[in-house]
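K.L.:
predicted structure and sequence below. I'll ask about it afterward.
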Protein chains: 2
Amino acid sequence: MTTTDTAPPSDLRRVAATVAARIETVMRTDLETALADSDPLLVEVLHYTLFNGGKRIRPLLTVLCSRCCGRDDETLYLLATAFEYLHVATLVHDDVIDNAEKRRGQATVAARYGMPAAILVGDWLHARSMHLIGQLAGAEGLKIFCHATASMVNGEFEQLRAIGDSNATQQQYFKVIRQKTGNLIASTCAIGALFAGATTTQRQALATYGDHLGAAFQVVDDLLDFLGDPRTTGKKTGNDFIEGKITLPVLFALSTANAVDRQAIEKLIRGDRTQPEAYNRLHALIEGQNGFNTAAGTAQQLVASAINALAIFSETAQGQENVVLLKELAGYVLARNK
Amino acid sequence: MTTTDTAPPSDLRRVAATVAARIETVMRTDLETALADSDPLLVEVLHYTLFNGGKRIRPLLTVLCSRCCGRDDETLYLLATAFEYLHVATLVHDDVIDNAEKRRGQATVAARYGMPAAILVGDWLHARSMHLIGQLAGAEGLKIFCHATASMVNGEFEQLRAIGDSNATQQQYFKVIRQKTGNLIASTCAIGALFAGATTTQRQALATYGDHLGAAFQVVDDLLDFLGDPRTTGKKTGNDFIEGKITLPVLFALSTANAVDRQAIEKLIRGDRTQPEAYNRLHALIEGQNGFNTAAGTAQQLVASAINALAIFSETAQGQENVVLLKELAGYVLARNK
């Protein structure tokens, strides 16, 4: 957040681009198979939502984690595709839930094709991702995957419950983001490892890496909702506040503010959150408590923990360059600006 | 539709009640395991939507099909539960898509708990059903299951495309109901057979039975939308017409009407379908073309084909009573009034 150098290191950039291109090729072939004789509108909506400049970070994680554990073949890219399908299914349903008009600067599926199409396409992607995981990672992989999905739903419910609640705690916040983001990223990494026939230690290390990385990713996302540049992120700032989500910068500000400022923040949370002035006031109060920097520090700590979890790979010669890439990717999460 | 004796035969009724009770016990235990440490609202919504007097016909089919092929143990009931989860997930998402207020006479999840809860609970049930199928019916079972889900979504898209289209054909209608209902019921039966280690012939026979049964079920559903008693069905008549769905009685009427009546029907379909008079007019025009009786005849034929598919079991002593129950269940589809 504080650096202006937001580009990932060139090695990571090159590998990420190569993997993304390969994933997109595999995805197109898989869609062709899965969508034979399907309704043209279903085909159109799936392509619209799957090929819109996504960074393919989840499949990249699966690929790097499998490579770390010694497997890299054609099937790996199909397995990795399942995580992009699930991710996109989640986004499409989230946009219905949030009534969102835009995603990455373009109309959401719900806005462009209507709510029924969005719900159905999410369900289709959901089923296809489960199918691929079941075929390629077996019952054990599917168990991890479905557990992560169920946990994500539970995280959403806990988040709904905490909406507009100025008594929400940091503990609740971390529990929600672990469930909403951490578990899914952890499953992405763990299933990559499982696919490669990793040892339990390797698999657990990569799951821990993913868990911390996912949490860091979410903290940065919450920061971008205050500090991001809409021209870069493709979305307006202040959405979380308007929706009543109490994110980490707010929680830090609440925890250090004096009684007067604390009451002022609580009043803003309970008041009319759609007023730009309310948002600006909150922004200033968080800044006054150094809440943004504290949250950025938390993201740094989470990334450090993620990298630390990879220590067990340091003595393995095999796939060492992939371990380096995973570390670089974790660092990039901190620097991202969209 | 034409009989007043709507009760299933007593043997079927007894077995259906026993299986339903067993399914509900297994479901409660499974939910307890799966929902440990979950948000109380998620738990509440799941119980609200799963325990509301559902007839548990899908799990009953899985159980009877597995028994026909020689397997009946505790695990079977957990496998069968997956089909109820998927079914309910579909209903919950359908009710969001259709903006439905009531289901079986009580408020839908979306109406009672809001649209976000409905989408999320559908996703949770979806994931849990896939998990159970993957664990208990293996990659092959999951493949059939996910294919049926994807096909259902495709059927919904084809149906959306045909909304208010008075040029829709019977062929399109049957394609849609096969995808929306037939495939899922077929997969329910086929996976029961697969679970029991059935021969390919047995599995195919049961899938064909399910396919025809599902289609018959849908035709009867479409008839009930015109002829059902709201006090029994728990929903108003005429919903399909208001939503612009061109169902079989309408298609039959269109195919036999003279030019004047045909134009009258087309005008009603393209006009303001929310007017009670428009619905009453359409009802009379279909009646005048004998469209309801012709559709009921189609349902009878489909049920006969379903029963016919079971002929291969006639020389197997094993599980013969379950074959009889499957036949009775198919007959009951014709007589049902809700």
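P.N.:
Yes, it's here.

K.L.:
which stretches in chain A count as strands?
P.N.:
Ranges of strands in chain A, per DSSP state E, are A:102-103, A:106-107.

K.L.:
where among these is average confidence lowest?
P.N.:
Per-segment mean pLDDT for the strands of chain A reaches its minimum on strand A:102-103, at a mean of 86.

K.L.:
quick one: contacts of it?
P.N.:
A:Asn52, A:Leu91, A:Asp95, A:Thr108, A:Ala111, A:Gly234, A:Lys235 (CB atoms under 8 Å, 6 or more residues apart in numbering or on different chains). C-beta: built from backbone N, CA, C; applies to glycine.

K.L.:
how about stretch A:214-224?
P.N.:
Counting by CB under 8 Å, 6+ apart, A:1, A:174, A:177-178, A:180-186, A:233, A:240, A:247-249, A:292, A:295-296, A:298-299, A:302-303, A:306, A:330, A:333-334, A:336-338 sit against stretch A:214-224.

K.L.:
make it 6 Å
P.N.:
For stretch A:214-224, contacts defined as CB atoms under 6 Å, 6 or more residues apart in numbering or on different chains pick out A:1, A:177, A:181-182, A:185, A:233, A:247-248, A:295, A:298-299, A:302-303, A:333.

K.L.:
tell me which two in the residues you listed are the farthest apart.
P.N.:
A:Gly182 and A:Thr233 (21.6 Å; CB to CB).

K.L.:
and the two? which has more neighbours close in?
P.N.:
Remark: of A:Gly182 and A:Thr233, A:Gly182 carries more neighbours, 28 against 18, as counted by other CB atoms under 10 Å in any protein chain shown.

K.L.:
what's the neighbour count on the residue nearest to that one when sequence neighbours are not counted?
P.N.:
With sequence-adjacent residues excluded and distances taken as CB to CB, 6 or more residues apart in numbering or on different chains, A:Gly182 is closest to A:Gly214, at 3.9 Å. The number of residues packed near A:Gly214 is 27, by other CB under 10 Å.

K.L.:
do A:Ala139 as well
P.N.:
A:Ala139, neighbours per other CB under 10 Å, totals 17.

K.L.:
do the same with A:Lys245
P.N.:
19.

K.L.:
how close does it get to chain B?
P.N.:
For A:Lys245, the distance to chain B equals 13 Å [CB to the nearest CB, to the nearest Å].

K.L.:
can you give me the pLDDT of that residue?
P.N.:
As predicted, A:Lys245 sits at a pLDDT of 92.

K.L.:
right, and A:Ile269 touches A:Asp165 too?
P.N.:
No: using CB atoms under 6 Å, A:Ile269 is not in contact with A:Asp165; the gap is 8.1 Å.

K.L.:
and the two? which has more neighbours close in?
P.N.:
Shown here are A:Ile269 and A:Asp165; by other CB under 10 Å, A:Ile269 has more neighbours (21 against 13).

K.L.:
which residue sits closest to the more buried one, ignoring its sequence neighbours?
P.N.:
According to CB to CB, 6+ apart, the nearest residue to A:Ile269 is A:Ser166 (4.6 Å).

K.L.:
close to chain B: what parts of the stretch 51-200 of chain A are there?
P.N.:
With CB under 6 Å from any CB of the partner chain as the criterion, the stretch 51-200 of chain A comes near chain B at residues A:93, A:97, A:116, A:119-120, A:123-124, A:126-127, A:130-131, A:134-135, A:139, A:142, A:146, A:149-150, A:153-154, A:156-158.

K.L.:
tell me the buried residues within the residues you listed.
P.N.:
A:93, A:97, A:116, A:119-120, A:123-124, A:126-127, A:130-131, A:134-135, A:139, A:142, A:146, A:149-150, A:153-154, A:156-158 (16 or more other CB atoms under 10 Å in any protein chain shown).

K.L.:
which ones among those are found in helices?
P.N.:
A:93, A:97, A:116, A:119-120, A:123-124, A:126-127, A:130-131, A:134-135, A:139, A:142, A:146, A:149-150, A:153-154, A:156-158 (DSSP state H).

K.L.:
show me the shaky parts of the stretch 1-150 of chain A.
P.N.:
A:1-7 (pLDDT under 70).

K.L.:
nope, the stretch 201-338 of chain A is what I meant
P.N.:
Counting by pLDDT under 70, the stretch 201-338 of chain A has low-confidence residues at A:315-318.

K.L.:
pick out the residue in it sitting closest to chain B.
P.N.:
A:Glu243 (10.9 Å; CB to the nearest CB).
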